[in-house]
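Asks: next come a sequence and a model predicted from it.
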Amino acid sequence: MTPRAATLALLGLAAGLIGCAPVTGTIPDHLPTDYLIQMVCVDAADTPVFADPVGCPDSRRKLRLGEPLPYHKLDVGDFQISDSFPVADANGLTLGVQSYFFTDAFDDDPAFPDQVHLTPARGGYNIMGADQDFVFFRGTSDPGAYWQPWWTPDCRAQGWLLYPNDARAFRRGQAASPTTFAPGCAGRIRTNAATIEWRFIPDHPYVADPADPARTRTLDSIEVRHFSAGYGSMETNYFTREYGATRWEAWRPGAGLTPEFLKARCPASVYQARFHGKVFSMVDCRTWTTLTRPAGGTWDPAGTSAVDPSIRTFPVDPLYTGGNLLVNTHIGGPYEPEGSFTCDERGWNSEGEGGELVFGDLTAPPWQANGSCVRTILATSLPSRDLGQTVDAPRPGVYRFGASLFVAALAPGEVVEAEILLTQRDDRGRIVAIDRLPVSAIDRFRTFEGRVAVRPAVTDLRLSVLPMTANVEIAVTGTYLARAL
């Protein structure tokens with residue numbers, strides 16, 4: 001089945017699951033997808049400037065693809081940043097990223113002095129997408145459960161539904177949203193029987209400080225409540241045209257469960273309510289409506305470190321933006337219908353002249369979760385063999401390749417050297433070209449990326465990680481080879 005045919009098949013399924021009120025009355029003159037990406041104020045030259053888009057209704061627009069952000073959105077208390085920015089996608093499904101950064105983690109990597117950057121142990125993201133029928137989260141990452149692509153029962157990374165991508169978004173409605181976070185799929189799979197309920201709320205107030213009404217933002221909003229199977233828990237997301245993803249709440253069944261500190265972090269809220277015959281309490285929340293200027297004036301989420309341009313600021317897995325040519329890229333799985341995972345190196349092997357690699361599983365923080373069985377490699381002597389994957393060469397052109405590497409329990413300032421290689425071979429097995437990307441791994445995730453021009457005579461490509469330091473375990477995950485967009 002082609003991707004287009006698969007999409008249309010899901011649309012028929014989703015349409016049969018939806019139950020919502022008829023669309024009548026005044027419909028806002030904007031699109032449901034307008035609620036995903038934040039706005040910016042612009043000057044006379046149409047250049048984004050540091051200002052609150054709520055306060056410049058006549059000189060604002062959506063942040064555009066590739067534009068640096070002139071501001072960050074902070075939560076109450078200045079603990080967490082969350083921005084909603086657009087990304088490029090060859091398939092047209094992924095529209096943006098909602099980032100999460102904790103403000104006390106900016107300096108955990110000297111490659112990004114005072115700058116926010118993806119640190120999976122201290123932050124994360126939601127991948128936001130849409131087809132002609134629905135808006136959805138295609139995937140997510142957080143410090144508790146790590147990398148989670150959301151899959152539908154028929155193995156498409158469409159994922160966690162949010163609200164319809166048409167006029168129904170501006171009414172009250174509900175739908176089934178069966179998903180699973182399998183890192184890969186083969187045929188139909190068992191999914192969780194989650195449900196969503198959405199509604200449009202004109203002029204919804206977001207209170208940052210009850211004593212300072214000037215900080216309250218009153219914005220048209222789309223509210224989405226996501227219930228787990230059996231209504232065992234609930235998450236609520238709010239989206240606005242001005243800020244994109246604007247508020248998040250977590251709820252659990254039971255009365256009186258809201259911690260007191262949460263009432264200061266999300267003031268003037270309802271902390272207890274009844275849903276589907278159960279009393280729920282809010283147990284966590286964030287409201288991102290306070291703006292701050294990035295260090296240096298702007299932040300480029302698609303950029304690289306000024307210290308080392310091979311280190312990505314905020315890498316997005318090509319699974320979401322047009323297709324990773326590699327398989328088992330987080331070195332986990334395969335997924336089994338019973339819900340278990342078998343850690344292995346499907347698709348990966350070791351080649352080269354030199355010492356054998358010793359393989360292991362990451363046992364130190366950050367995680368082993370959701371089938372992302374992060375593998376480690378250790379060279380007992382140098383030169384060593386590599387860990388790599390060989391694929392059929394795509395058509396000639398420019399491609400990007402990379403991997404996320406880190407070394408657990410390194411002392412501050414210590415680095416471990418390695419190389420990421422992209423080898424091109426012809427149909428006789430002869431090496432046509434080798435691109436070498438020297439990298440320095442530390443005790444935190446760094447995602448390294450290079451560019452390669454695939455040549456016409458090439459029939460296969462091999463991406464590999466080669467240790468340059470002996471007797472040190474290097475954790476390898478998030479590998480990719482994808483056409484440059």
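Replies: Ah, there it is.
Asks: off-centre distance for the helix or strand hosting T236?
Replies: Element membership of T236 [criterion: DSSP states H and E] is strand 234-240. Mean C-alpha position of strand 234-240 versus that of the full chain (Cα atoms, centre = their mean, to the nearest Å) differs by 17 Å.
Asks: now stretch 30-44
Replies: 20 Å.
Asks: ok, what's across the strand from the nearest residue to L93 once chain neighbours are set aside?
Replies: Closest residue to L93 apart from its sequence neighbours, by Cβ to Cβ, 6 or more residues apart in numbering: G129 at 4.5 Å. C-betas here are computed from N, CA, C, even on glycine. When bridges are called by DSSP bridges, G129 pairs up with T94, F136.
Asks: surely G129 meets Y320?
Replies: Yes. The criterion here is Cβ atoms under 8 Å, and G129 meets it with Y320 at 7.3 Å.
Asks: what is in contact with these two at once?
Replies: Shared contacts of G129 and Y320, defined by Cβ atoms under 8 Å, 6 or more residues apart in numbering, are found at D89, L93, T94, R138.
Asks: about what we covered before: G129 and Y320: which is more packed in?
Replies: Shown here are G129 and Y320; by other Cβ atoms under 10 Å, G129 has more neighbours (27 against 22).
Asks: what sits against that one?
Replies: Per Cβ under 8 Å, 6+ apart, neighbours of G129: D89, L93, T94, L95, V135, F136, F137, R138, Q158, G159, Y320.
Asks: for the second one, the count of nearby residues, please.
Replies: The one in question is L93. Count around L93 with other Cβ under 10 Å applied: 21.
Asks: list the contacts for it?
Replies: With contacts defined as Cβ under 8 Å, 6+ apart, L93 is in contact with G129, A130, D131, R138, Q158, Y320.
Asks: what about 10 Å?
Replies: Counting by Cβ atoms under 10 Å, 6 or more residues apart in numbering, L93 touches 3, 7, 127-131, 136, 138, 156-158, 320-322.
Asks: likewise for the fifth one?
Replies: For V135, the residues meeting the contact criterion (Cβ under 10 Å, 6+ apart) are 31-33, 35-36, 95, 128-129, 161-166, 169, 198, 222, 224, 239.
Asks: can you do 6 Å?
Replies: By Cβ atoms under 6 Å, 6 or more residues apart in numbering, the contact list for V135 reads P32, L162, Y163, N165.
Asks: same thing with R346?
Replies: R346 sits in contact with N328, where contact means Cβ under 6 Å, 6+ apart.
Asks: give me the distance between it and S381.
Replies: 27 Å (Cβ to Cβ, to the nearest Å).
Asks: before we move on, what about N349?
Replies: 19 Å.
Asks: between these two, which is the more surrounded one?
Replies: Set N349 next to S381 and count neighbours by other Cβ under 10 Å: N349 wins out with 13 against 10.
Asks: grab the nearest non-local neighbour of that one.
Replies: Using Cβ to Cβ, 6+ apart and skipping residues adjacent in sequence, the residue nearest N349 is G388, 6.9 Å away.
Asks: just confirm the one you found is within a strand.
Replies: Yes. Membership of G388 in a strand is supported by DSSP: H, G, I helix; E, B strand; the rest coil.
Asks: tally of neighbours for it?
Replies: 23.
Asks: surely it touches D460?
Replies: No. Contact criterion Cβ atoms under 6 Å: G388 and D460 do not qualify, at 11.4 Å.
Asks: which of the contacts of L93 are buried?
Replies: Buried positions within the contacts of L93, assessed by neighbour count (16 or more other Cβ atoms under 10 Å), are 7, 127-131, 136, 138, 156-158, 320-322.
Asks: what is the nearest of these to T216?
Replies: When the buried ones among the contacts of L93 are compared for distance to T216 (Cβ to Cβ), M128 wins out at 25.7 Å.
Asks: show me what contacts that closest one?
Replies: Contacts here follow Cβ under 6 Å, 6+ apart; on that basis M128 touches L36, L95, G96.
Asks: for it, give its distance to L36.
Replies: Going from M128 to L36 by Cβ to Cβ gives 5 Å.
Asks: okay, stretch 114-132 in CSV with CA atoms only?
Replies: Provided in CSV are the C-alpha atoms of stretch 114-132 (Å, rounded to 0.1, in the frame of the first residue of the first chain):
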residue,chain,number,x,y,z
ASP,A,114,23.9,29.5,27.8
GLN,A,115,21.8,28.1,24.9
VAL,A,116,18.9,25.7,25.1
HIS,A,117,19.6,22.4,23.2
LEU,A,118,18.1,19.0,23.2
THR,A,119,19.1,17.1,26.4
PRO,A,120,16.8,14.0,26.6
ALA,A,121,17.6,13.5,30.2
ARG,A,122,16.4,17.0,31.1
GLY,A,123,13.9,17.8,28.4
GLY,A,124,12.0,16.5,25.4
TYR,A,125,9.5,17.3,22.6
ASN,A,126,6.2,16.5,20.9
ILE,A,127,6.2,16.0,17.1
MET,A,128,3.1,17.7,15.7
GLY,A,129,1.5,16.7,12.4
ALA,A,130,-1.7,16.7,10.4
ASP,A,131,-3.3,15.0,7.4
GLN,A,132,-6.4,16.1,5.6
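Asks: next, the buried residues of it.
Replies: 115-131.
Asks: so how far is that stretch from its chain's centroid?
Replies: That offset, for stretch 114-132, works out to 4 Å (Cα atoms, centre = their mean).
Asks: what's the closest of the contacts of V135 to F261?
Replies: Among those, and counting by Cβ to Cβ, the member closest to F261 is L162, at 28.4 Å.
Asks: isn't the closest one up against R225?
Replies: No. In this structure, L162 is not within contact of R225 by Cβ under 6 Å, at 10.4 Å.
Asks: who's more crowded, those two?
Replies: Set side by side, L162 and R225 show more neighbours around L162, with 27 against 18, by other Cβ under 10 Å.
Asks: can you tell me the SS state at that one?
Replies: Under three-state DSSP, L162 comes out as strand.
Asks: who are the contact partners of it?
Replies: When contacts are counted by Cβ under 6 Å, 6+ apart, L162 is found next to V135, F136, V224.
Asks: got those residues as JSON lines, with pLDDT and distance to R451 columns?
Replies: Formatted as JSON lines, the contacts of L162 follow (pLDDT from 0 to 100; distance: Cβ to Cβ, whole Å):
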{"residue": "V135", "pLDDT": "97", "distance to R451": "32"}
{"residue": "F136", "pLDDT": "95", "distance to R451": "31"}
{"residue": "V224", "pLDDT": "98", "distance to R451": "38"}
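Asks: so K263 is in which element?
Replies: Short version, using DSSP H and E: K263 is in helix 260-265.
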